[in-house]
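Participant: only the shape, not the letters, is given here:
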C-alpha cells in the first residue's frame, strides 16, 4: 500500500517538544507524480509550509538506489519533516526510475545515471509548473552526480539557482561537468565528510578547484551517510544557510558557531513517523 502523508496524526503537547529523528512538524504534504519525457511515471512527495511564503524549494536527488538509496534516505526525510515549518522551505522528494520506497515504485529501471537525466528534468519542471520559487538541487552521493552532470545544462540550468552536494563521490561526474558549472557561474556548496568512503575533504577541494564559485566544506567526524542527529542537523543548517539569503545568524567570520542554527525544539502540534 502506498504511504499517505495525510495519515500523520498531530497532537498538541503540553510543553515544547525536542525535535528527534522521527518528529514530524506541520506542513501541507501530498503524494505527487512526475512524468518524464520518455514516458516514465516517478512517484514522490511534496511538502510545503502550512502558511506564509515559500522562501526556497529543494529538489532532492537521492543516493544510489542499487545500494539502498531512495527518496526516504534519512537526511531528505528529516528535511521534509522539519524545513517547511522551521524555515519556510518546500521539499520535493521522489524516487528516480526503477526505485522503490514506502511511497511506491517509480517506472523504468536504473540506468547508471544516463536515463536519470530525464528524471532530473521532470522534477525541475514539476517545481516550475507548481510555481515553487527559488529552486535548488540537493544531491546526495549518486544524487550529486546527477546534479553535477545535468544541473548546469539546459533545460535545468535556467530554472535553478544552484546546487548543494552531500558526499560527492565524483565517479560519474567528470571535469567536463565541473567546467560546465564554472561557466554557468551558479552557486555550488559541497559538504564533504571527514571520513567519507569515496572522496575526502582535501581531495574534494582539489577536484572542485575547477569551479571558482564552489564552496567546499569539510565536516569533522562525519561519514558518507551522515549518520547521527549531529551530522544530519549540520546538513540541514548548511542547506538553509545557502538557499535563504540572509538566513545565517550573526557570528564571527570563520567561527564554528557562525551560520544557521535551526531550532531543536518545537512549540506546537507534532506527529511521530514510524519506520
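Facilitator: Thanks, I have the structure now. No experiment lies behind these values; they were computed from the predicted model shown.
Participant: ok, which stretches of the stretch 151-275 of the chain are strands?
Facilitator: 162-166, 188-195, 214-223, 265-266, 271-272 (DSSP state E, counting those that start in this stretch).
Participant: and the second one, which residues are buried?
Facilitator: Residues of strand 188-195 classed as buried: 188-193 (neighbour count, 16 or more other Cβ atoms under 10 Å). Just so you know, the C-beta spots here come from the backbone N, C-alpha and C atoms, and that holds for glycine as well.
Participant: neighbouring strands - and their directions - for it?
Facilitator: strand 162-166 (parallel), strand 214-223 (parallel) (DSSP bridges).
Participant: now the stretch 1-150 of the chain, which segments are flagged as low pLDDT?
Facilitator: 1 (pLDDT under 70).
Participant: mind redoing it with 50?
Facilitator: Scanning the stretch 1-150 of the chain for pLDDT under 50 picks out nothing.
Participant: in it, which spans are strands?
Facilitator: Assigned by DSSP E, counting those that start in this stretch, the stretch 1-150 of the chain shows strands spanning 17-18, 23-24, 28-35, 41-48, 56-61, 89-94, 100-101, 104-105, 135-140.
Participant: rebuild those strands as JSON lines, extending it with mean neighbour count and distance to residue 217.
Facilitator: JSON lines is the format used below for these (neighbours: other Cβ atoms under 10 Å; distance: least, Cβ to Cβ, whole Å):
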{"stretch": "strand 17-18", "mean neighbour count": "14", "distance to residue 217": "27"}
{"stretch": "strand 23-24", "mean neighbour count": "20", "distance to residue 217": "26"}
{"stretch": "strand 28-35", "mean neighbour count": "16", "distance to residue 217": "30"}
{"stretch": "strand 41-48", "mean neighbour count": "22", "distance to residue 217": "26"}
{"stretch": "strand 56-61", "mean neighbour count": "27", "distance to residue 217": "18"}
{"stretch": "strand 89-94", "mean neighbour count": "26", "distance to residue 217": "20"}
{"stretch": "strand 100-101", "mean neighbour count": "18", "distance to residue 217": "29"}
{"stretch": "strand 104-105", "mean neighbour count": "17", "distance to residue 217": "35"}
{"stretch": "strand 135-140", "mean neighbour count": "26", "distance to residue 217": "14"}
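Participant: I am finished for the moment; much appreciated.
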